[in-house]
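K.L.:
Turn this into a structure:
(chains A and B)
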Amino acid sequence: MTTMTLHPLAADYLERLEHAARSLPRGERRELVAEINAHLAEATDPQMSDAEVLTVLDRLGEPEDIVAAQSPDQPAPRQGPGTQEWVAIVLLLAGGFIVFVGWIVGAVMLWTSRAWRVRDKLIGTLIVPGGLPTAILVLLDLSTPQTCTSLNGGPQHCVGGPSTLHQILSLGLFAFLVLGPIFTAVYLARRAR
Amino acid sequence: MVAIGDSAISQLRRGVLEFCVLAMLRGDERYGFEIVRALSEADGLVTTEGTLYPLLGRLRKEGVVETTWRESPSGPPRRYYRLTPAGHSLLSAFTAEWTRFRDSVDRLLDTGALT
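P.N.:
Here you go, the predicted structure:
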């Protein structure tokens, strides 16, 4: 569907409706938003005064009431993560310590939960797959054994250790690999609905 | 003056509204905005226009109306609603019931007796 230019107040209203409709199944949400979008496009135009647009919005009613009319028998949307969501978050963060399988289980729980939107799920999966344990791999890489030899008390000559550049890069990567999963976990906990 | 319970009136309205929508579609198909505006301009039928869209969606899910999106000469596409055969028979059934119901209530309200 083509996106029409709406009066800023009407566009704002549509955004509130989309937000309120998060709890609805995807198909219903799309239809409802499409209908209200069409209504706004018919009843308002971008040149209208704010007062005129507000009258139209007032006749429509509060977005929350429209969504409630759509799902009269559904309980109010649960706020925050439930048990499945918490388990998923913990497994994504640290489940990889259980021979990596834990992370995969976490990812499956993430994708089967209805508490997150697709964008949240992509972020949860793609920012450092494996979670915290991935950082350990880099740590192991950093500690590649060094062999140092000194001939007849002369200057030490070391081979096999990582170069300085390699060490800096690895440290940066290590910081990202530790902070990334922690940020993702906090993000997921806050986004769950 | 005694106020009428809000919920009693809104229940009555909710019960009847879907048949008002069906009745509007008896002759010809109409698009969402057209239905909503016409109903909201009728006195006392609708309080908020927005809640009619979920009702339209429910009627479609129940199979009493069907819809098609069509381009409009101006603005975004319009969704047109049309009665299905099931919708036609539901509307006739309601019309018969409603007539009996209304007549009895009117008689009681007028005279306080049923004869």
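
K.L.:
List the residues that contact the residue lying closest to residue A:104 once chain neighbours are set aside.
P.N.:
Nearest non-adjacent residue to residue A:104, counting by CB to CB, 6 or more residues apart in numbering or on different chains: residue A:95, 7.9 Å away. C-beta here means a position set from N, CA and C on the backbone, and glycine is covered the same way. By CB atoms under 8 Å, 6 or more residues apart in numbering or on different chains, residue A:95 lies in contact with A:101, A:102, A:103, A:104, A:105, A:106, A:131.

K.L.:
can we see that at 7 Å?
P.N.:
A:102, A:103, A:105, A:106, A:131 (CB atoms under 7 Å, 6 or more residues apart in numbering or on different chains).

K.L.:
Just the ones in helices from those, please.
P.N.:
Using DSSP state H, the members of these that fall in helices are A:102, A:103, A:105, A:106.

K.L.:
any idea how far the residue nearest to residue A:104 lies from residue A:182?
P.N.:
Distance, residue A:95 to residue A:182, by CB to CB, to the nearest Å: 14 Å.

K.L.:
How about whatever residue of chain B ends up closest to chain A, nearest residue that isn't a chain neighbour?
P.N.:
Using CB to the nearest CB, the closest approach of chain B to chain A is made by residue B:48 at 2.9 Å. Closest residue to residue B:48 apart from its sequence neighbours, by CB to CB, 6+ apart: residue A:61 at 2.9 Å.

K.L.:
Next, the contact list for the residue of chain A found nearest chain B, please.
P.N.:
Nearest residue of chain A to chain B (CB to the nearest CB) works out as residue A:61 at 2.9 Å. Going by CB under 7 Å, 6+ apart, residue A:61 touches B:48, B:49, B:50, B:51.

K.L.:
which parts of chain A sit against chain B?
P.N.:
By the rule CB under 7 Å from any CB of the partner chain, the part of chain A lying against chain B is A:1-2, A:4, A:28, A:31-32, A:35-39, A:41-42, A:59-61, A:65-66, A:69-70.

K.L.:
Restricted to buried residues, select the residues you listed in PyMOL.
P.N.:
What follows is the PyMOL syntax for the buried subset of the residues of chain A next to chain B, where burial is set by 16 or more other CB atoms under 10 Å in any protein chain shown:
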select buried, chain A and resi 28+31+32+35+36+37+38+39+41+42+59+60+61+65+66+69+70
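
K.L.:
I'd like to check which residues are in contact with the residue positioned nearest the centre of chain B.
P.N.:
Nearest to the centroid of the C-alpha atoms of chain B, with distances taken as CA atoms, centre = their mean, sits residue B:20, at 2.4 Å. Residue B:20 makes contacts with B:39, B:45, as judged by CB under 7 Å, 6+ apart.

K.L.:
secondary structure element for it?
P.N.:
In the assignment (DSSP states H and E), residue B:20 maps to helix B:6-24.

K.L.:
Any regions of chain A where pLDDT drops low?
P.N.:
A:1-4, A:72-79, A:141-162 (pLDDT under 70).

K.L.:
hey, which helix is longest across it?
P.N.:
Under DSSP H, chain A gives helix A:164-191 as its longest helix.

K.L.:
what's it packed up against?
P.N.:
On a contact count with 3 or more CB pairs under 7 Å, 6 or more residues apart in numbering or on different chains; DSSP states H and E, helix A:164-191 meets helix A:83-94, helix A:118-126, helix A:133-142.

K.L.:
Please name the spatially closest residue to residue A:29 (chain neighbours excluded).
P.N.:
In space, and not counting its chain neighbours, residue A:29 is closest to residue A:21: 4.5 Å by CB to CB, 6+ apart.

K.L.:
and that neighbour, what does it touch?
P.N.:
A:29, A:32, A:33, A:67.

K.L.:
can you redo those residues as TSV with secondary structure?
P.N.:
Below are the contacts of residue A:21 laid out as TSV (DSSP: H, G, I helix; E, B strand; the rest coil):
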residue	secondary structure
A:29	helix
A:32	helix
A:33	helix
A:67	helix
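
K.L.:
which one among those gets closest to residue A:126?
P.N.:
The shortest approach to residue A:126 among the contacts of residue A:21 belongs to residue A:29, at 24.4 Å (CB to CB).

K.L.:
just to revisit the earlier point, the residue nearest to residue B:48 and residue A:98: what is the separation?
P.N.:
50 Å.

K.L.:
Same question for residue A:184.
P.N.:
Residue A:184 is 18 Å from residue A:98, by CB to CB.

K.L.:
Who has more neighbours out of the two?
P.N.:
Between residue A:184 and residue A:98, counted using other CB atoms under 10 Å in any protein chain shown, the more crowded position is residue A:184 (21 against 13).
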